[in-house]
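> What follows is a predicted protein model with its sequence.
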Amino acid sequence: MAAEVGGDSGAPKKGKKKGKARKPKRRPRIDMTPMVDLGFLLLTFFVLTTTMSTPNTMPVVVPPKITEKEEVEPPKIAEGKVITLLVGRNKVYYYTGIEQPELHQTDFSPRTGIRKVLLERRAEVASRYGDPNEMIVIIKMLEEAYYKDFVDILDEMAIIQQKKYALVDITQEEKDMVEEYKKSISTS
Amino acid sequence: MAKFKAKKQNIAIDMTPMVDLAFLLITFFMLTVKFRAPEAVEVSLPSSIADTPLPAQDILLISISSDGRIFFGVDSKHTRLAILEKIKDRYGYQFSEKEAQVFSVLPEIGVPFEQLKSYLSLTEVERKAMDKRVSIPVDSANNQLKQWILFARYSNPRIRIAIRADEKAPYPVIARVIETLKEQKVHRFNLITTLEAQPKT
């Protein structure tokens, strides 16, 4: 394409044409290889240094601390709406209701894990109270848990769009329950 | 066996479009690149489906390493200097001009107040080495993180709190930090995560 530019496309200067041997005008070829090398070097550098995954944030709201002075009654909730999750290291122990809890164990696997349990519980609550959003999830973290487990369980809440959940301190009874449950699994 | 030799021809490839493309990409990456600030702690973030980007300004960052050490950082130089003033007033430490200068450019700090002055007088390499073993105390008897947060919120009332913890950070440390935030009546904060695809339902 560029070759035509230097040729006879422009208005020819008649005076010069005479007498001189017609030299075909050659465009000088520039070896672009070093430039390309440099270009790709820089490209590689910027691709590698750029942070593609910009950090995102997950908002967390925790209930205010109740001081002894205030004497606030903890809110009363129906037993049938509650599911309590005890989150350990990549494991979730859960029980429903309050009286005579029976512990079960699951994990964070996407199809068979805690999500399935929560969705089943939602359906159960919906059939009993008419609205799946009546369900209340109580999250208690075991000491063995990692931060990842904490994020995972909050993430599960976001995934199933569970709005009513509370992060509550674990009690000694529940810790004992988990210990006993672990023992009963290892022996059986 | 006479081989019929094709006439060797020099093939010249026109590299212009390639160069054009390469430089276009370079320009793009150069303009979009935002150099990662050197961080005092290496943190591998957990992933979540949360897709709200972290605001660039007015962020108070609490970093927690995989071994449960706690670091504190604010984003603006101005806020850092204001915090240093508060530390001077509260604890009666004196900082030289140079130490204040060093402090004003530190993205994250993890030393207890008692060691702050000596920490600031170290060289960069020595500080890096020290970052490997220090942590801000959060015990109930000596909760310095609480002080840091207090100073930061006085210095910049609009500051928002974000926790950047390693996915292997032990939960009890996280619980202590959340407890500290609650004591300050901070009930709303952010956890920094990387993006993970939303599962199909």
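Perfect, I can see it now.
> alpha carbons only for contacts and neighbour counts from here, please
Noted.
> Could you pull out the strands in chain A for me?
Here chain A has its strands, by DSSP state E, at A:56-61, A:82-88, A:91-96, A:104-106, A:136-141, A:165-167.
> of all these, which lies closest to B:Leu145?
Among the strands of chain A, the nearest to B:Leu145 by CA to CA is strand A:56-61 (19.2 Å).
> Skip the chain neighbours and tell me the closest residue to the residue most central in space within chain A.
In chain A, the residue lying closest to the centroid (CA atoms, centre = their mean) is A:Asp155, at 7.2 Å. Nearest non-adjacent residue to A:Asp155, counting by CA to CA, 6 or more residues apart in numbering or on different chains: B:Ser48, 5.9 Å away.
> For burial, what's the neighbour tally of that neighbour?
The local packing of B:Ser48 (other CA atoms under 10 Å in any protein chain shown) involves 26 other residues.
> how far away is B:Tyr154 from chain A?
Counting by CA to the nearest CA, to the nearest Å, the separation of B:Tyr154 from chain A is 21 Å.
> OK, contacts around the residue nearest to the centre of chain A?
Residues near A:Asp155 by CA atoms under 8 Å, 6 or more residues apart in numbering or on different chains: B:48-50.
> what's the answer for B:Ser121, then?
For B:Ser121, the contact set (CA under 8 Å, 6+ apart) comprises B:Glu99.
> same question, B:Ile174
So B:Ile174 contacts A:Tyr147 (CA under 8 Å, 6+ apart).
> now swap in B:Ala162 and tell me
Each residue near B:Ala162 by CA under 8 Å, 6+ apart is listed here: A:57, B:59-62, B:189-192.
> Ignoring the adjacent residues along the chain, who's closest to it?
Distances taken as CA to CA, 6+ apart place B:Asn190 nearest to B:Ala162, at 4.5 Å, with adjacent residues excluded.
> Identify the bridge partners of that neighbour.
Beta bridges link B:Asn190 to A:Pro59, B:Ala162, judged by DSSP bridges.
> Now for it, how many residues are close by?
Using other CA under 10 Å, the number of residues around B:Asn190 comes to 18.
> That one touches B:Ile178, doesn't it?
No: in this structure B:Asn190 lies outside contact range of B:Ile178 using CA atoms under 8 Å: 11.0 Å.
> which neighbours do these two share?
Counting by CA under 8 Å, 6+ apart, no residue touches both B:Asn190 and B:Ile178.
> now the helices for the chain?
Picked chain A for this. Ranges of helices in chain A, per DSSP state H, are A:3-6, A:14-17, A:33-49, A:114-129, A:147-159, A:172-187.
> You answered for a different chain; I wanted chain B.
B:16-32, B:77-91, B:97-104, B:113-120, B:124-131, B:144-155, B:171-183.
> shaky segments in the chain?
This is for chain A. Residues of chain A meeting the criterion pLDDT under 70: A:1-23, A:50-54, A:66-75, A:99-100, A:188.
> look at chain B instead
In chain B (pLDDT under 70), the answer is B:1-7, B:34-38, B:200-201.
> Distance-wise, check B:Pro53 relative to B:Ile192.
9 Å (CA to CA, to the nearest Å).
> shared neighbours of those two, which are they?
Listed as contacting both B:Pro53 and B:Ile192 by CA under 8 Å, 6+ apart are A:55-57.
> Which of the helices of chain B sits closest to A:Ile138?
helix B:171-183 (15.7 Å).
> out of B:Pro53 and B:Ile192, which sits in the busier spot?
B:Ile192 (27 against 15).
> What is the burial count for the closest residue to that one other than its chain neighbours?
The shortest distance from B:Ile192 to any non-neighbouring residue, by CA to CA, 6+ apart, is to A:Thr57 (4.4 Å). When counting by other CA under 10 Å, one arrives at 24 neighbours for A:Thr57.
> ditto for A:Lys65
12.
> I figured it hits B:Lys182, correct?
Yes: with contact defined as CA under 8 Å, A:Lys65 reaches B:Lys182; the gap is 6.4 Å.
> rewinding a little: need the strands of chain A in JSON lines with distance to B:His78, can you?
Formatted as JSON lines, those follow (distance: least, CA to CA, whole Å):
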{"stretch": "strand A:56-61", "distance to B:His78": "24"}
{"stretch": "strand A:82-88", "distance to B:His78": "41"}
{"stretch": "strand A:91-96", "distance to B:His78": "44"}
{"stretch": "strand A:104-106", "distance to B:His78": "48"}
{"stretch": "strand A:136-141", "distance to B:His78": "38"}
{"stretch": "strand A:165-167", "distance to B:His78": "35"}
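> of those, which approaches B:Tyr119 most closely?
It's strand A:56-61; of the strands of chain A, that one is closest to B:Tyr119 (CA to CA) at 31.1 Å.
> Could you list the buried residues of the closest one?
Neighbour-count burial for strand A:56-61, counted by 16 or more other CA atoms under 10 Å in any protein chain shown, picks out A:56-58.
> my read: A:His104 touches A:Thr96, true?
No: between A:His104 and A:Thr96 there is no contact under CA under 8 Å: 9.5 Å.
> the more surrounded of those two?
Each of A:His104 and A:Thr96 has its neighbours counted (other CA under 10 Å); A:Thr96 has more, 20 against 14.
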